Structures are given as C-alpha cells and as structure tokens.
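Visitor: quick check, what structure comes out for this input:
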Amino acid sequence: MTDVPDPNDLFIDPRRLLKEFGLVPKRSWGQNFLVSSKAVVEIARLCVDEPGRRVLEIGPGLGTLTHALLKLGADLVAVERDREMCDVLRAQYSDNPNFQLEEQDAAKYRYQDAFASTKGVIAGNLPYQITGQILRRVIDEPLPLVRAVFMVQKEVADRLVATEKDKARGALSVMVQLRMDVRRALRLKPTAFFPPPKVHSAIVVFEPVEDPAGDGDYLRGVDRLVKAAFSSRRKTLRNAVKSAGFATPDQFEAVLAISGIDGTRRAETLSNQEFLSLFDAFLAETGSVTRK
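Guide: So this is what the prediction gives:
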C-alpha cells in the first residue's frame, strides 16, 4: 500500500476553487462537488494502491479527487467535457508530468487509450443520466482493469450490490455481478457535497472476477435472457421471458425442465448461477454452442 501523506495535503476544497476562479456550479449539468475531505482521501486510497498506478478519472470537475490521486502517486488521465472545469484543471496541473487532460465527453472517450500499455483503475462520479451507459462499457469492453471506483446515487448502488434476497435486484445487478465482484465501500450524505444534492450517494468498487462464466459472446447471450426475465417484474419468470420473445413457449418450457427451475418464480429470486443454468439449458435445447 502506498505511504499516505498527511490527509490535509490530500484535500483541496472545491468551494475555494469556485471562488478563486469566479465560477458557480452548473445545476443543469448536475454539478455537486465533494467537500468531505475524509471521503476524498478514502476514494483516492481505493484507487491508488501502488506508486505509478494508471488511473482514468471520469469527470474530474475542479480537480478535488485529481489532487489527492496525484499526491498519492497516480499516473492520471482525466476526461472532462466542461470547458471551464478544464481551464481550472490546466491552471493547477498542466506542469505535472503525471497528469494528462482529455477535453471530451467521457461517454464517448476510448477507455482503451488510457490503458494501452498497463493495467489501471477507472474512477469518477457518474452522472445519473449516463451511469448505465458507462457501466455497460466498463463491463463489456476488454479493458485491463485492476478495479473501477465509482460514485453513484444510492439507489443505483443498491441495485448493483443486490442479491436474490433484495427487492432492489434487477437486470443490472445480474449483468454486472457475472463479470465483477461488487461492493459498497462508502455511503455519502447530501451534506458531503456543495451544493447538497437531493439524493444520497455511495462509492461502489468493482473488481473483475477471477474466473468468468464464459467469453464475451456467451455473457451477452446471458444478458439477453436476464433482460427478458426482468422485462415484466410483476410476471412470473415463465411469462416474462415468453412475453419478451426470448424463446418460443415450447422452447422455454423445455429450458425450465432441463434446468429444474420453477417457472412460477420471479426473476429477482434467481441467483446468478441459476441464470447461467437457464441459459445453458437454452443452448442445449436450441443446439447452440455452449460456453467456452
């Protein structure tokens, strides 16, 4: 673990930067800046586990987390689309050889470019509107990830970590958990931000599973089944999958028989392994190639 400097040296208050650069948060962009020094330090430590660790920071804003990451020795690529925020970042870090700024939309940035020659970490506060899109890219693209450390709304975090015992469980829960070990590392109240948002937030850590259930094509097939199963939450598994058109009624009855899974259950009660068993049964029934 990296030797951690004095926490006071790791934190730069975004309220001071706003005043210094004559800026105000853009409410239309959902800009709420993290002002909890304790949270900033904890997030930075989750990202930088060794000196020189490559970190891709999504939406650094004024650079509060950026500052802590660089102090801990990160080799940092920051992706920011707000021109005013980019001006602040350049003013603070343009002379730092370990800092690279990409002024563009994080939803369109090629993540592979940041990890062309090394494994690394993706971190950032994900805007609610594009959370699903970014998570999809992280779990789908062949990135040499050590981990991802994301700040998301509490409700999204609840879904990401939900097991078959939780009401929050949905398609996103299963699709992410088949590829990543997921845990909630920190809960954040609105008072941890300026201005305070109306929602609670959480830090969620993702680490690639050591033994994936199958290759990319296989898992994307499982995803289609999972989406079909959760397409009508009030319906039974049997009726939801049939309504979504994933398989013909006769095919899915055979799939249920092969897998031994009760079709009257609802999707949220199935474990990740049961979804894999269902898809394997579907492949067996349709004569498709099984997992690699």
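Visitor: and the residue sitting furthest away from the middle of the chain, its phi and psi?
Guide: Here the centre of the chain is the reference, and by Cα atoms, centre = their mean the most remote residue is residue 250, at 37.1 Å. Note on residue 250: its backbone torsions stand at phi -70, psi -40 [degrees, to the nearest 10].
Visitor: same check on residue 16?
Guide: Here is the backbone geometry of residue 16 (degrees, to the nearest 10): phi -70, psi -40.
Visitor: what of the one 3 residues further on?
Guide: Note on residue 19: backbone dihedrals following degrees, to the nearest 10 are phi -70, psi -40.
Visitor: same question, residue 180
Guide: Per-residue torsions, residue 180: phi -130, psi 140 (degrees, to the nearest 10).
Visitor: what sits against it?
Guide: Contact analysis of residue 180 by Cβ atoms under 8 Å, 6 or more residues apart in numbering lists 139, 148, 206-209. (Each C-beta comes from the backbone N, C-alpha and C, glycine too.)
Visitor: please apply the same query to residue 260.
Guide: Here residue 260 is in contact with residue 277 (Cβ under 8 Å, 6+ apart).
Visitor: tell me which residues are up against stretch 12-22.
Guide: Outside stretch 12-22, the residues that touch it by Cβ under 8 Å, 6+ apart are 23-25, 33-35, 37, 61-64, 67, 84, 87-88, 91, 194.
Visitor: narrow those to just the buried residues.
Guide: Neighbour counting with 16 or more other Cβ atoms under 10 Å marks 23, 25, 33-35, 37, 61-64, 67, 88, 194 as buried within the contacts of stretch 12-22.
Visitor: quick check: strands, which of the residues you listed are part of them?
Guide: By the criterion of DSSP state E, membership of those in strands covers 33-34, 194.
Visitor: need those residues in JSON lines with distance to residue 186 and pLDDT, can you?
Guide: Shown next, in JSON lines, are those (distance: Cβ to Cβ, whole Å; pLDDT from 0 to 100):
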{"residue": "33", "distance to residue 186": "16", "pLDDT": "95"}
{"residue": "34", "distance to residue 186": "11", "pLDDT": "96"}
{"residue": "194", "distance to residue 186": "18", "pLDDT": "95"}
